[in-house]
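Trainee: sequence plus predicted model, see below.
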Amino acid sequence: MTQQAQKLPLDGVVVLDLTQFLAGPYASQILGDLGARVIRVEPMQPELARTLPPHYHKGDSAYFLSINRNKESLAIDLRTQEGKDLLKDFVAKADMLIENFRPGVAARLGLDFDVLQALNPRLVMCSISGFGQSGPYRDRPAYDIIVQAMSGGMSITGPRGGEPVRAGLPLGDLCAGMYGVIGMLAALVKARETGQGSYVDIAMLDCQVAMLSYQGAYHLMSGEVPGPQGKSHDSIPTYRGFHCRNGVEIVVAANTEAMWQNLCNALQTTELGSDARFATNGDRYTHRAELDAILEAAFASFTAADIMAALIEHNVPAGVINNLDSVMTDAQVLHRDMVMTLQDAAGDEVRVVGNPVKIRGVDTPHRFPPALGENSKALLAEFAGQTADSIAELEKTGVIAVSARQ
């Protein structure tokens, strides 16, 4: 396939993004990375994510820049009737709309799904909220840390015997964004086959409960309530972290019987492989405390570099617990383009994490995140049929905002 012939999977799909902060913008960035035309419908004043400290590029926060590439910006006041009418012109030509207002706000604005679907029967609309559009918690505010706590995920995160901690990654936000994309893409397939759109209701709490996965099943089957898991696994004693002689910590995942034998060989403790106490994973689970002490002592006799080399040689899955400076210079991470350079209109560069979805023969777009209202004029002319004079009047009366970059 030639460079000219490349076509991204979502080329031609128009997405209206009425979201702010993290979950929604993360979802729309995924769609933009896959080729959709994402139009951010922003408030007249910069949202909080544009202003979060401590790092900035020309006034926009690194937080904002990390989740808003491959988008255009239309700044519009949806509190005005003129603003809502303009948005409806866009809805009539869009394929998807994603919002993360508090439940009920879209309806109060006259922008709920029933109203919008009447304008565009094939529209796919996704609402992301803390607790969903129904239920006793519907109207409660929520952020990532709230749903991490309420889902039980925080209760099993942290050192064994210690206090629960928030996961370092904002899992509540990011997972809601990913589930939102899954739902929207499924609904898009339906819309293209039937001409009928769908309403996708994503609750951050639902997503976190779903991700309890086997831990949730263990509790439902046994009634047991686990505490923080530390760096180990409830079922597999040889799936955990170990400190090496030079203080570096590595993790191993010796899940199978063959891997157990290979681990023993890598550690030069071949007698463990024939020890009846540790013959099977079930035996190792029963004698876990004894095995932990033996393995901890064995790992402590090696430097991280030496034991990592031995583990790789013996085909035992293992890895160093990296800090971010190590991750962002890692050969595999760089090879996979997971550090992406974005270049603004002046040629200045910002580096962000890349797109993990690799599609053979297709390059990921690298468009710099837009300034607030950067594309207002062009978008209003294209989607709403506005003239230069009418756009100037809308700007003068405060219905729209236009970036100085234009």
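Mentor: Structure's in. What do you need?

Trainee: residue ranges for the strands of this structure, please.
Mentor: 14-18, 37-42, 56-57, 60-61, 71-76, 96-99, 124-129, 199-203, 239-243, 249-253, 318-320, 339-343, 349-353, 400-401 (DSSP state E).

Trainee: could you dump those to JSON lines with distance to residue 292, mean neighbour count and mean pLDDT?
Mentor: Quick note: C-beta positions are derived from backbone N, CA and C, even for glycine. Converted to JSON lines, these look like this (distance: least, C-beta to C-beta, whole Å; neighbours: other C-beta atoms under 10 Å; pLDDT from 0 to 100):
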{"stretch": "strand 14-18", "distance to residue 292": "48", "mean neighbour count": "24", "mean pLDDT": "98"}
{"stretch": "strand 37-42", "distance to residue 292": "49", "mean neighbour count": "24", "mean pLDDT": "98"}
{"stretch": "strand 56-57", "distance to residue 292": "46", "mean neighbour count": "16", "mean pLDDT": "97"}
{"stretch": "strand 60-61", "distance to residue 292": "43", "mean neighbour count": "20", "mean pLDDT": "96"}
{"stretch": "strand 71-76", "distance to residue 292": "49", "mean neighbour count": "24", "mean pLDDT": "98"}
{"stretch": "strand 96-99", "distance to residue 292": "46", "mean neighbour count": "26", "mean pLDDT": "98"}
{"stretch": "strand 124-129", "distance to residue 292": "41", "mean neighbour count": "27", "mean pLDDT": "98"}
{"stretch": "strand 199-203", "distance to residue 292": "39", "mean neighbour count": "22", "mean pLDDT": "98"}
{"stretch": "strand 239-243", "distance to residue 292": "8", "mean neighbour count": "17", "mean pLDDT": "96"}
{"stretch": "strand 249-253", "distance to residue 292": "13", "mean neighbour count": "17", "mean pLDDT": "97"}
{"stretch": "strand 318-320", "distance to residue 292": "17", "mean neighbour count": "16", "mean pLDDT": "97"}
{"stretch": "strand 339-343", "distance to residue 292": "36", "mean neighbour count": "14", "mean pLDDT": "97"}
{"stretch": "strand 349-353", "distance to residue 292": "35", "mean neighbour count": "15", "mean pLDDT": "98"}
{"stretch": "strand 400-401", "distance to residue 292": "60", "mean neighbour count": "24", "mean pLDDT": "96"}
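
Trainee: now the residue nearest to the spatial centre of the chain. Nearest residue, chain neighbours left out?
Mentor: Centroid-nearest residue in the chain: residue 174, 3.1 Å away (criterion: C-alpha atoms, centre = their mean). Nearest residue to residue 174 in three dimensions, chain neighbours excluded: residue 26, at 5.8 Å (C-beta to C-beta, 6 or more residues apart in numbering).

Trainee: need the contact list for that neighbour.
Mentor: Residue 26 sits next to 67, 173-174, 177-178 when contact means C-beta atoms under 8 Å, 6 or more residues apart in numbering.
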